[in-house]
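Fold the following.
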Amino acid sequence: MPTLARKLRLADYFTLAFGTMIGVGWLVLMDDWLARGGPLGAMLGFLLGGLVLLPVGYVYGQWVQRLPDAAGEAAYTAQVFPPAVSFLTGWTMLLAYFIVCPWEAVAFGKVAAYIFPSLDTLELYRMAGQPVFLPRLLLGLGLTILLTILNYRGIRLSANFQNAATSTVLLLFVLVLGISATRGAPANFHPSFRATPFVSILLTLQIVPYFLTGFESVPKCAEETHPGFRSRGFLQAIALALLVGSLFYALSIASVAYITPWQGLLGRRFATAIAFEQAIGAKWPVSLILTMALFGLFQCFNGNFVASSRLLFALGRSGTVTERLGRVHPRFRTPGTAVLAICAGTSAGLLLGDAILVPVTEVGSAASAFGWLATCLSFCLIEPRAKLRAIAGFGALASLALVLLKFVPFIPGHFTVAEWIALGLWLALGFFLRASARKK
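The predicted structure is shown next:
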């Protein structure tokens, strides 16, 4: 029976984790972030989120060294919890990764339409009051097919694509920071918070799990390490991705609020690009930012495509969903059937159009935090050393707090009815597939 190809090194794991985090949220949702916290509140929210998640990342680094399984959270929780809990954890984390794929496919058309406004033609229908245009739909579908081909034909092709995209994003980001530092002014930061400091940070912290989801994608490819890879590299890649990712988001907020008065950006589509265009009075910074955004979109889409296809493959291999999803392609040694399934699901989600953008961040945040909570709890139950149990316990408490931020009704920014329905439908689908697989 063929196994997955072993091709990945430390740099590949870092670009996978970092790239899975960083897409185009800093471009298309910057106005939402500033509206939540103001510049300083939003920055502190992301930085605090990154620090709080370091113990969670440490737990993942320990788990993957002990149990290098593509099932990730499902495999870890299976060591101490009943099978139903293991499946629930894995299926919920699958949602956290998979839901990003149609998000990025939709965002691709949205960014392209900003560059070429003529793409906003041939309206097909409306979803939640938002128009869905044929050219943008076709662009998103085309990118989905491209990434499907790359991932179907080999992990090395996918990793090379990821490395190139991430390197381009980081290089262009340094240029953007330099422009902001030389053309901005501290006075543009005022007021530093949208509401009180506590509420401003809290409202930002609620969405941080979604935008920092990606560091735990490393274990999903743990079975595809190069023979010379050392297991401690897993923890190094996870920690570095968390730190660089949270700093990236904080600095992107700072660069926008520093270069132009931030309150004038609220409710503005592509607030990041608008800020630089207003401050510089020229189009070339916008082109730079949009180029960076496109490469960020490519890396985030590909990273989540890799993680979701591997997790779905592992669930199929274990027989908790149809075993056909657990097949390895005999020639390319990739989870070919799972790759095609993610392609089909992404294409279906793409039909929802722009209406998917903001609500997805809310559901994705809760799904990620739940997976982190289950992983930390399972580690607490099997780890004999008090020091490591304490680290895992802190990670579990932090994850629980992030879950409660979305589930407790009286907390600002909690789930709406629509988000509860979406989560409920996903869980119902999962248990239906599990029940169907067990009958065979």
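
And Asp120, how far from Arg434?
Distance, Asp120 to Arg434, using CB to CB, to the nearest Å: 42 Å. Placement of C-beta: from N, CA and C, glycine included.

quick one: low-confidence parts of the stretch 301-440 of the chain?
Where the stretch 301-440 of the chain drops to pLDDT under 70, the residues are 354-362, 413, 439-440.

can you pull the contacts of the closest residue to Ala35 other than its chain neighbours?
If the residues on either side of it in the chain are set aside, Ala35 comes closest to Leu266, at 5.2 Å by CB to CB, 6 or more residues apart in numbering. With CB atoms under 8 Å, 6 or more residues apart in numbering as the criterion, the residues that contact Leu266 are Asp31, Leu34, Ala35.

Give me the three-state assignment for the last one.
Per DSSP: H, G, I helix; E, B strand; the rest coil, the local secondary structure of Ala35 is helix.

Phe193 is in contact with that one, correct?
No: using CB atoms under 8 Å, Ala35 is not in contact with Phe193; the gap is 11.7 Å.

coming back round to it: now tabulate the contacts of Leu266 in CSV and tack on neighbour count.
CSV is the format used below for those (neighbours: other CB atoms under 10 Å):
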residue, neighbour count
Asp31, 20
Leu34, 24
Ala35, 18
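
The stretch 1-150 of the chain: helices as residue ranges?
Here the stretch 1-150 of the chain has its helices, by DSSP state H, counting those that start in this stretch, at 10-21, 25-28, 30-66, 73-78, 83-98, 100-115, 134-153.

With mean pLDDT added, can I get these in TSV?
Output for those, formatted as TSV (pLDDT from 0 to 100):
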stretch	mean pLDDT
helix 10-21	96
helix 25-28	86
helix 30-66	94
helix 73-78	96
helix 83-98	93
helix 100-115	87
helix 134-153	95
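
Just tell me which of those helices ends up closest to Val363.
Taking CB to CB, helix 83-98 is the member of the helices of the stretch 1-150 of the chain nearest to Val363, at 7.2 Å.

Other residues contacting the closest one?
By CB under 8 Å, 6+ apart, helix 83-98 touches 20, 71-75, 77-78, 81, 210, 213, 216-217, 304, 307-308, 311-312, 314-315, 320, 342, 345-346, 363-364, 367-368, 370-371, 374-375, 423, 426-427, 430-431, 434.

more neighbours, Asp120 and Arg434?
Ranked by neighbour count (other CB atoms under 10 Å), Asp120 and Arg434 place Arg434 first, with 20 against 16.

need the contact list for that one.
Per CB under 8 Å, 6+ apart, neighbours of Arg434: Phe87, Trp91, Thr320, Val321.

what's the closest of the residues you listed to Gly228?
Thr320 (32.7 Å).

State whether Glu216 and Gly371 are indeed in contact, as I suppose.
Yes: with contact defined as CB under 8 Å, Glu216 reaches Gly371; the gap is 7.2 Å.

Can you check which residues contact both of the two?
Counting by CB under 8 Å, 6+ apart, the residues touching both Glu216 and Gly371 are Glu73, Met93.

Give me the angle between the helix or strand in which Ile274 is found and helix 100-115.
Secondary structure assignment for Ile274, by DSSP states H and E: helix 271-280. Helix 271-280 runs at 30 degrees relative to helix 100-115, counting by axes from the mean of the first three to the mean of the last three CA atoms, to 10 degrees.

Off-centre distance for helix 271-280?
25 Å (CA atoms, centre = their mean, to the nearest Å).

Check stretch 186-204 too.
For stretch 186-204, the distance to the chain centre is 25 Å (CA atoms, centre = their mean).

Now tell me what touches it from outside.
Applying CB under 8 Å, 6+ apart, the external contacts of stretch 186-204 come out as 33-42, 44-46, 48, 257-262, 405, 411-413.

hmm, try it at 6 Å
The contact list for stretch 186-204, computed with CB atoms under 6 Å, 6 or more residues apart in numbering, reads 36-42, 44-45, 257-258, 260-261, 413.

a markdown table for these, including neighbour count and distance to Lys283?
Conversion of the contacts of stretch 186-204 to a markdown table gives the following (neighbours: other CB atoms under 10 Å; distance: CB to CB, whole Å):
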| residue | neighbour count | distance to Lys283 |
| --- | --- | --- |
| Arg36 | 24 | 29 |
| Gly37 | 27 | 30 |
| Gly38 | 27 | 28 |
| Pro39 | 26 | 25 |
| Leu40 | 21 | 30 |
| Gly41 | 27 | 31 |
| Ala42 | 34 | 27 |
| Leu44 | 21 | 33 |
| Gly45 | 26 | 31 |
| Ala257 | 28 | 21 |
| Tyr258 | 22 | 20 |
| Thr260 | 22 | 16 |
| Pro261 | 15 | 21 |
| Gly413 | 17 | 36 |
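
on that earlier part again, the helix holding Ile274 packs against which elements?
The elements that helix 271-280 packs onto, with contact taken as 3 or more CB pairs under 6 Å, 6 or more residues apart in numbering; DSSP states H and E, are helix 30-66, helix 232-259, helix 284-317.
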